[in-house]
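K.L.:
3D, please:
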Amino acid sequence: MQPTAKPLAERIRPRDLSGFIGQSHLVGVGKPLQRALQQRAVPSMIFWGPPGVGKTTLARMVAAVAEKPFYNLSAVSAGKAELRQIVESVQPLAKGRNQRSQLGLFAAPETAESPDSVILFLDEIHRFNKAQQDFLLPYVEDGVITLIGATTENPSFEVISALLSRMQVFTLNPLTVDEIEQIIARGAAALAVEIEAAGVGFLANYANGDARAALNLLENASRLYQTPTITAEQLRETLQSKHLRYDKTGEEHYNTISAFIKSMRASDVDAALYYCARMIDSGEDPKFIARRMVIFASEDIGIADSNALTVANDVFRAVETIGLPECQFNLAHGVVYLASARKNRAAGKAYFDALADVSDLGNLAIPLHIRNAPTQLMRELGYGDGYEAYTDESLLPEAIKGKRYFPPPQTPPPQRGGGVMGV
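P.N.:
Residues are numbered from 1 along each chain as shown. The predicted model follows:
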């Protein structure tokens, strides 16, 4: 196989839905994206899903039917300067400029005049900070930019609410084994090679729903061995990656984060640091780790050390702002603090006990004397009557009056590390 500038995944990327594999809940007949493409109705949108499932491909299809200039940026490397150049290339904002900005790295159709709107595909939109997202907001709102974002992170956490409210979110699923095998067959045909059955199975298993991962490994093996048939052993030898086990089926991902949480819960600082380092070394997103630490601070430490939640939140913000590799210091700081802290799960347990009563008993009548009484009629009906701000009386509904969800915590005996109480 002769080397080529374009990766295999790019060379076999479908141009329309007839060649698209997967995401039938979005692109099947009568489904949202299929209808949008058919009607040429292109709102601003976000494609949310794991890597290698078709986010970029769908964005390009949307841009093709819209017949507008298409700009492709990665939030990892782009900033306000690139965004400003794109905005200034649009006719209403050009303010008399006779020439379009020369973007160099960005492909845009050559036209005699600047267009009145463009499509901007922003890969990894979750990497844009609040200021960068705020800059885009007025142009998205005015329709100057039709924004298509792609993200592997939950957009409700990563995209500012004002921008998110103006975009439609489409959730993409990991590709199935059958879909991955179809894409592998297409890639093998493009490379003019055969793959033995065991090799196809190995690739599909390794991909874990990520078509790009399978195609990259297939292409590398073909380039390395240059044989007409690719075997499973050749694929294994090509890979030789310390990340294989972590990425292979997704199970190791969940095993490692579970071990990390349980080590902090047991106040085993050394184990917690080890599993944190192992996740980072395997390519895990540090924000995922920090987010779990914020949950842990309330779920497991709780009122034993309320400052733990402040520390965990500060670690998350530091990780978000600084990024790798420097944020490893922030993670280590937080892990040691949380693992060393005393533990008390009583607050969370009390809440879920209360939630169980809500589920089992429904909306029990709220006592009249603590109801809101904004009108004369409500006051005549007894709403708010007899209310005392400070009382020892239970304010629960009559059916569960006096029930205790959260008894005062008992002082625990000394335990290893920070110790556990109220569990």
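K.L.:
which ones are touching His369?
P.N.:
Contact analysis of His369 by CB atoms under 8 Å, 6 or more residues apart in numbering lists 382, 384-387. Using the backbone N, CA and C atoms, a C-beta is placed for each residue, glycine as well.
K.L.:
excluding sequence neighbours, find me the nearest residue to Gly382.
P.N.:
Excluding the flanking residues, the one nearest Gly382 by CB to CB, 6 or more residues apart in numbering is Leu368, at 4.6 Å.
K.L.:
what's the pLDDT at the one you found?
P.N.:
Reported pLDDT at Leu368 in the predicted model: 85.
K.L.:
gap between it and Leu395?
P.N.:
Distance, Leu368 to Leu395, by CB to CB, to the nearest Å: 11 Å.
K.L.:
those two: which is more packed in?
P.N.:
Leu368 (15 against 11; other CB atoms under 10 Å).
K.L.:
helices along the stretch 151-300 of the chain, start to end?
P.N.:
Using DSSP state H, counting those that start in this stretch, the helices of the stretch 151-300 of the chain run over 155-158, 161-164, 177-191, 197-207, 211-225, 232-239, 244-247, 251-265, 269-281, 286-296.
K.L.:
identify the bridge partners of Phe121.
P.N.:
Asn72, Ile148 (DSSP bridges).
K.L.:
so who does it touch?
P.N.:
Contacts of Phe121 (CB under 8 Å, 6+ apart): 56, 59-60, 63, 70-73, 148-150.
K.L.:
which single one of these is nearest to Gly22?
P.N.:
Thr56 (13.3 Å; CB to CB).
K.L.:
got the contact list for that closest one?
P.N.:
Here Thr56 is in contact with 13, 121, 123, 150 (criterion: CB under 8 Å, 6+ apart).
K.L.:
can you give me the pLDDT of the last one?
P.N.:
In the predicted model, Ala150 carries a pLDDT score of 93.
K.L.:
what helix or strand does it sit in?
P.N.:
strand 145-151 (DSSP states H and E).
K.L.:
contacting residues around that strand?
P.N.:
Under CB under 8 Å, 6+ apart, the answer for strand 145-151 is 42-48, 55-56, 59, 62-63, 66, 68, 86-87, 90, 117-126, 136, 139-140, 155, 158-159, 163, 167.
K.L.:
switch the cut-off to 6 Å
P.N.:
42, 44-48, 55, 59, 119-123, 125-126, 139-140 (CB atoms under 6 Å, 6 or more residues apart in numbering).
K.L.:
just how off-centre is that strand within its chain?
P.N.:
Centroid separation for strand 145-151 versus its chain: 15 Å, with CA atoms, centre = their mean, to the nearest Å.
K.L.:
again with stretch 180-191
P.N.:
28 Å.
K.L.:
do stretch 72-82 as well
P.N.:
For stretch 72-82, the distance to the chain centre is 19 Å (CA atoms, centre = their mean).
K.L.:
check stretch 134-151 too.
P.N.:
19 Å.
K.L.:
before we move on, what about stretch 361-377?
P.N.:
That offset, for stretch 361-377, works out to 41 Å (CA atoms, centre = their mean).
K.L.:
rewinding a little: gap between the residue nearest to Gly382 and Val29?
P.N.:
56 Å.
K.L.:
likewise Ala389?
P.N.:
62 Å.
K.L.:
and the two? Which one has more around it.
P.N.:
The neighbour comparison of Ala389 against Val29 (other CB under 10 Å) goes to Val29, with 9 against 4.
K.L.:
three-state assignment of that one?
P.N.:
Three-state assignment for Val29 (DSSP: H, G, I helix; E, B strand; the rest coil): coil.
K.L.:
in this structure, where is pLDDT below threshold?
P.N.:
1-5, 91-115, 241-251, 408-423 (pLDDT under 70).
K.L.:
tell me the centre residue of it?
P.N.:
Glu153 (1.2 Å; CA atoms, centre = their mean).
K.L.:
ok, the residue nearest to it when sequence neighbours are not counted - contacts?
P.N.:
In space, and not counting its chain neighbours, Glu153 is closest to His126: 4.1 Å by CB to CB, 6+ apart. Going by CB under 6 Å, 6+ apart, His126 touches 151, 153, 158.
K.L.:
the first one and Met378, how far apart?
P.N.:
Going back to what we said before, that points to Thr151. Taking CB to CB as the measure, Thr151 falls 47 Å from Met378.
K.L.:
show me which of these two is the more surrounded one.
P.N.:
Thr151 (23 against 15).
K.L.:
show me which positions of stretch 267-279 end up buried.
P.N.:
Going by neighbour count (16 or more other CB atoms under 10 Å), the buried part of stretch 267-279 is 267-269, 271-276, 279.
K.L.:
cool, and stretch 27-40?
P.N.:
Within stretch 27-40, the residues that qualify as buried are 27, 33-34, 36-37, counting by 16+ other CB under 10 Å.
K.L.:
again with stretch 9-26
P.N.:
Residues 9, 12-14, 17, 20-23, 26 are the ones in stretch 9-26 that count as buried (16+ other CB under 10 Å).
K.L.:
redo the residues you listed as JSON lines? Include secondary structure and distance to Val311.
P.N.:
Compiled in JSON lines, these are given as follows (DSSP: H, G, I helix; E, B strand; the rest coil; distance: CB to CB, whole Å):
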{"residue": "Ala9", "secondary structure": "helix", "distance to Val311": "42"}
{"residue": "Ile12", "secondary structure": "coil", "distance to Val311": "48"}
{"residue": "Arg13", "secondary structure": "coil", "distance to Val311": "45"}
{"residue": "Pro14", "secondary structure": "coil", "distance to Val311": "48"}
{"residue": "Leu17", "secondary structure": "helix", "distance to Val311": "49"}
{"residue": "Phe20", "secondary structure": "coil", "distance to Val311": "46"}
{"residue": "Ile21", "secondary structure": "coil", "distance to Val311": "45"}
{"residue": "Gly22", "secondary structure": "coil", "distance to Val311": "41"}
{"residue": "Gln23", "secondary structure": "coil", "distance to Val311": "40"}
{"residue": "Leu26", "secondary structure": "helix", "distance to Val311": "40"}
